[in-house]
Structures are given as structure tokens and as C-alpha cells.
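Visitor: I need the structure of the sequence given here:
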Amino acid sequence: MFKTVSNIWKVEDLRKRILFTLFILIVYRIGAFIPVPGVDKDVFKQVDAASGEMFGLLNTFSGGALYQFSIFAIGITPYITASIIVQLLSMDVIPKFAEWAKEGENGKRKLAQITRYGTVILGLVQGFATAIGFNRQYSSKMIPDATFVDYLLIAIILTAGVSFLMWLGEQITERGIGNGISILIFAAIIAGIPGHIRTIYQDQLVGIEQSQLFWNIGKVALILIGIIAIIVGVIFVQQGIRKIPVQYAKRVVGRKMYGGQSTHIPMKVNGAGVIPVIFAVSLIMFPITIAQFFTGKAWANWTINNLYYDEPLGMVLYILLIIGFTFFYTFVQINPVQMADQMKKNGGYIPGIRPGKPTSSYLTRVMSRITLSGAIFLAVISILPIAFGSAFGLPRTVQLGGTSLLIVIGVALDTMKQIESQLIKRHYKGFINK
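Guide: Sure thing, here's the model as predicted:
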């Protein structure tokens, strides 16, 4: 392990990429503490005290910038939303987008430009909503006697912050170690871990009677063991694949013979990644977000008290949404009929399965079984930290959600693979090279 780390710094190009990525992350963390001009930051102490689930989740994804109401307060979420929308519209919903998606690099650049425009539009909308919502919800006003011009100025500043984050992410992708947006989200989540540790320490170990102290120390130890077990389980399932064998028939073209090779289709157990969890969180938090602006009304109080995903009803809905979105997103990404047709055109077949419709039916059946396992895995991982935290009486602010856990582990694995591929290309051993 230590030899692998030392090998990283021997490769000049890789060393420059890592140092450049670290520099961008430092810029990102500095920006998270630059406040929006003209805003009373003390009003957000009320938000921190209330610690609504939705606000806590947004604060986590922004690296604490929301409660600071900095220029990065709304984080990179508008870009994520715009990317998901463009990706879904590229699945034959808008013919032009579908055509671009099939054009290779040139089409990808066009879709990336559309994503940037969508990010700016969504950033303006979310900036307006954030400014108006926070200013009206609490007794203290971050901008007393605010006008439309005040809200517009805040929205423009927040949108500029989103655009700058988007640019930073693209720079990491091009000149750093790749996956720029994911690395920014990873850094934002990691930045909140010291605060969670401090909260657990103060809640469980400070000012506790001697008779209760040993029990609380045991609880903290069990929490650490549980987190390690969850991380190991996530890595195990994330790396799991089902290999479907494919054989290509031999073809003679002129004097040359093509085909005759054996390969396989790797189908991941969790092919949808963290996207279903993000969709489920967004959907289940939408009515809660609306209800928080009507606190005091019967329907709003019922929504807030029952639809949080650490409540029985909210947890059931959360699980069902995760399973539903996992099937939806997996089959959007991988079309069994299209895959079977492509194999047939290239002279490929699955041993024991006839080409054409029988192949597509077989792939659909296998994908359904694998996706069900992946969906249950996502649901368990998303709920387990919440249930674990509730069982040990942890505050809501330190219950690390499944979304954060999956993002952190997924980005860490992807980054490790990218660094390893750079090392292997230069004849060095990687992290998991055998």
C-alpha cells in the first residue's frame, strides 16, 4: 500500500493532476465561507437549531455552505438536476437530444452545453426560492424589508457560485484526476464529518454522569464498528457483477477470418448507482419542503411529522421509491431489446439462447433479478444508517444518510481505479492489482 502511494508521486503527470485537484478543492472550501453580501448570517443559527432534514441534506451536499449562506450556498445540485434531466430527455424523449447522444464526442459537447444552460436556469430558480424561503420562514430576517431587486441580486450571486462550481468540476475532469463534479460532492460530504464527530462527542461523552459514561463509550464503539461494517458491505456489493457469456461466430470476409472469440457482458448488481436514492430523496422531501412554509396548519404539521424518512410511513414510501427508481433508471440505461439486436447484427449469441427475441427475454429476466437485488441493497443501505442512528439516540444532524454514504464510497472507488489505471499504464502496481 505504502509502495503504491510512493509510486503515485514518481509519475510526473499523475503528480501534477493530483496537486491540481487538491488546489481546486482548497479554492472550493475557501468559497464555502465567503458570505453573500448584505445578508445577516446570524439568521441561519435558527435553521441550524431547527435542523430540518431537507435543510440538513442540502447543507451536507454544499459542504456547510448553506448554513453559512455563502456564494456556494445551493451547492452543485442545479447541475446534478440539469444533468439528470438532459440524460432522461436523451432517451428518445427529444429526438434531437437522442441524435446528439449517438454522435460521439461532438454530440456529448452539445449535450454538455445544454446542461450548462439548464444549470444556470435552475440555479436562478433555486436561488430565488432559497432567498425568499429563508427570509420569510423565520422571525429574524436575513434582509429586512427585502424587495424584488434584493432577491434578484441574491439569486444572481448564488447562480454565479453554481456556475463557478460547475467550471471547477470541469477543470478537475480535464486537468485533474477525473469525475470533477463527483469529487466536489465528495469533498463537501467529507468536510462535514469533523462536525458530526464533534456533535457525537458532545452529545454522548461530555457532561455525562459516571454511571452512564461507560455505556455511552460502548455505544460510540458500536457506532464505529457499524459504520465500518456498512462501508465493507457497500464496497462488496458495488464491485459485484454478473458475467453473461457471449460467443461470436466466425465470419470470412475476403481472405480474412473475423469473430470466433468469446467475451462476456458485465452486469453490475447496482447498475443504477446512487441516482435512485437521489430521486427518492428529492421526491419525498418535496411535500415536506412545501409544508415547512405553512407550519401551523393541520395538513402541514401532519406532512412534517409523518413523511420524514425516519418515520414509519415515510420510511416505507422511501423504500418503495428507491426500488421503483432503481428499476426505471437501470432499464433506461440498458435496453435489453437494443442489446440483443446489436449482438445479432455482429454475429454474437449467448450459448444456449437463440438470437433475437429469446436473447432479449433472457437479458430482461437476468436484469430484473439482478436489479431487484441492487434495489433491495440500495434501500437497506439508505435506511440502515438512519435506523442505526435512531437506535443509539443520535441527533438527526449526525445521521449519515445512505445517499452520502454511497456517494463517498462510490467516488472513492472510482478515483482509486483511475489512479490505478494510470499506474498500471506506466508499469507500476495499483491499489488492487494482483
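Visitor: Quick check on residue 63: phi, psi?
Guide: The phi and psi values for residue 63, taken as degrees, to the nearest 10, are phi 70, psi 30.
Visitor: what's the answer for residue 348, then?
Guide: phi -100, psi 150.
Visitor: Tell me the spacing between it and residue 145.
Guide: According to C-beta to C-beta, to the nearest Å, residue 348 and residue 145 sit 69 Å apart. Every C-beta, even on glycine, is put in place using the N, C-alpha and C of the backbone.
Visitor: All the strands of the stretch 251-400 of the chain, in order from the start?
Guide: With DSSP state E, counting those that start in this stretch as the criterion, the stretch 251-400 of the chain has strands at 251-253, 256-258, 262-268, 348-349.
Visitor: same deal with the stretch 101-250 of the chain?
Guide: Using DSSP E, counting those that start in this stretch, the strands found in the stretch 101-250 of the chain span residues 241-248.
Visitor: Poorly predicted segments of it, please.
Guide: For the stretch 101-250 of the chain, applying pLDDT under 70 flags the ranges 133, 136-142, 204-205, 207, 210-211, 250.
Visitor: quick one, helices of it?
Guide: 105-137, 148-175, 180-191, 193-204, 210-238 (DSSP state H, counting those that start in this stretch).
Visitor: Sort out which residues of the first one are buried, please.
Guide: In other words, helix 105-137. 107, 111, 114-116, 118-120, 122-124, 126-128, 130-132, 134-135 (16 or more other C-beta atoms under 10 Å).
Visitor: Which strands and helices lie in contact with that helix?
Guide: Applying 3 or more C-beta pairs under 8 Å, 6 or more residues apart in numbering; DSSP states H and E, we find helix 105-137 packed against helix 77-89, helix 95-101, helix 148-175.
Visitor: could you check the angle helix 77-89 makes with the longest one?
Guide: Read that as helix 148-175. Angle of helix 148-175 versus helix 77-89, following axes from the mean of the first three to the mean of the last three C-alpha atoms, to 10 degrees, is 70 degrees.
Visitor: between helix 148-175 and helix 180-191, what angle do the directions make?
Guide: For helix 148-175 against helix 180-191, the angle by the same axes, to 10 degrees is 110 degrees.
Visitor: can you pull the pLDDT of residue 51?
Guide: At residue 51, the pLDDT value in this model is 47.
Visitor: Repeat that for residue 365.
Guide: At residue 365, pLDDT is 91.
Visitor: Kindly report the same for residue 394.
Guide: Note for residue 394: predicted pLDDT of 63.
Visitor: coming back round to it: dump the helices of the stretch 101-250 of the chain into CSV; add distance to residue 9 as well.
Guide: Output for those, formatted as CSV (distance: least, C-beta to C-beta, whole Å):
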stretch, distance to residue 9
helix 105-137, 32
helix 148-175, 18
helix 180-191, 19
helix 193-204, 26
helix 210-238, 25
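Visitor: just those helices: most buried one?
Guide: helix 180-191 (a mean of 22; mean count of other C-beta atoms under 10 Å).
Visitor: what does that one rub up against?
Guide: Residues outside helix 180-191 that contact it (C-beta atoms under 8 Å, 6 or more residues apart in numbering) are 21, 24-25, 28-29, 32, 60-65, 75-76, 79-80, 83, 165-166, 168-174, 176-177, 404, 407-408, 410-412, 414-415.
Visitor: For residue 37, the count of nearby residues, please.
Guide: Using other C-beta atoms under 10 Å, the number of residues around residue 37 comes to 9.
Visitor: Spatially nearest residue to it, not counting backbone neighbours?
Guide: Distance criterion C-beta to C-beta, 6 or more residues apart in numbering; nearest residue to residue 37, sequence neighbours excluded, is residue 157 at 7.4 Å.
Visitor: what's the answer for residue 234, then?
Guide: Once flanking residues are discounted, residue 234 sits nearest to residue 409: 4.8 Å by C-beta to C-beta, 6+ apart.
Visitor: Help me confirm that that neighbour is found in a helix?
Guide: Yes: under DSSP: H, G, I helix; E, B strand; the rest coil, residue 409 falls within a helix.
Visitor: mind listing what it touches?
Guide: 231, 234, 235, 238.
Visitor: if you set the cut-off to 10 Å instead, what comes out?
Guide: 186, 230, 231, 232, 233, 234, 235, 238, 274, 381 (C-beta atoms under 10 Å, 6 or more residues apart in numbering).
Visitor: same deal with residue 335?
Guide: By C-beta under 10 Å, 6+ apart, residue 335 lies in contact with 91, 92, 341, 342, 360, 363, 364.
Visitor: circling back: can you put the contacts of residue 409 in a markdown table and add distance to residue 8?
Guide: Converted to a markdown table, the contacts of residue 409 look like this (distance: C-beta to C-beta, whole Å):
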| residue | distance to residue 8 |
| --- | --- |
| 186 | 18 |
| 230 | 28 |
| 231 | 23 |
| 232 | 24 |
| 233 | 28 |
| 234 | 24 |
| 235 | 21 |
| 238 | 23 |
| 274 | 27 |
| 381 | 30 |
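Visitor: Out of the residues you listed, flag the one nearest to residue 306.
Guide: When the contacts of residue 409 are ranked by distance to residue 306 (C-beta to C-beta), residue 381 comes first, at 23.2 Å.
Visitor: Contacts only, for that closest one.
Guide: Here residue 381 is in contact with 230, 233-234, 237-238, 270, 274, 277, 322, 401-403, 405-406, 409 (criterion: C-beta under 10 Å, 6+ apart).
Visitor: now do 7 Å
Guide: Counting by C-beta atoms under 7 Å, 6 or more residues apart in numbering, residue 381 touches 230, 234, 402, 405, 406.
Visitor: Quick check: the two most widely separated of these?
Guide: Farthest-apart pair in the contacts of residue 381 is 230 and 406; separation 10.3 Å (C-beta to C-beta).
Visitor: Show me the shaky parts of the stretch 301-434 of the chain.
Guide: 309-310, 385-403, 425-434.
Visitor: of all the helices of the stretch 101-250 of the chain, which lies closest to residue 39?
Guide: The closest approach between residue 39 and any of the helices of the stretch 101-250 of the chain, judged by C-beta to C-beta, belongs to helix 148-175 at 7.1 Å.
Visitor: starting at the chain centroid, how far to that closest one?
Guide: Here helix 148-175 shows a centroid-to-chain-centroid distance of 19 Å under the convention C-alpha atoms, centre = their mean, to the nearest Å.
Visitor: Need the three-state assignment for residue 74.
Guide: coil.
Visitor: Test my guess that it contacts residue 127.
Guide: Yes: when contacts are counted by C-beta atoms under 7 Å, residue 74 is listed as touching residue 127 (6.3 Å).
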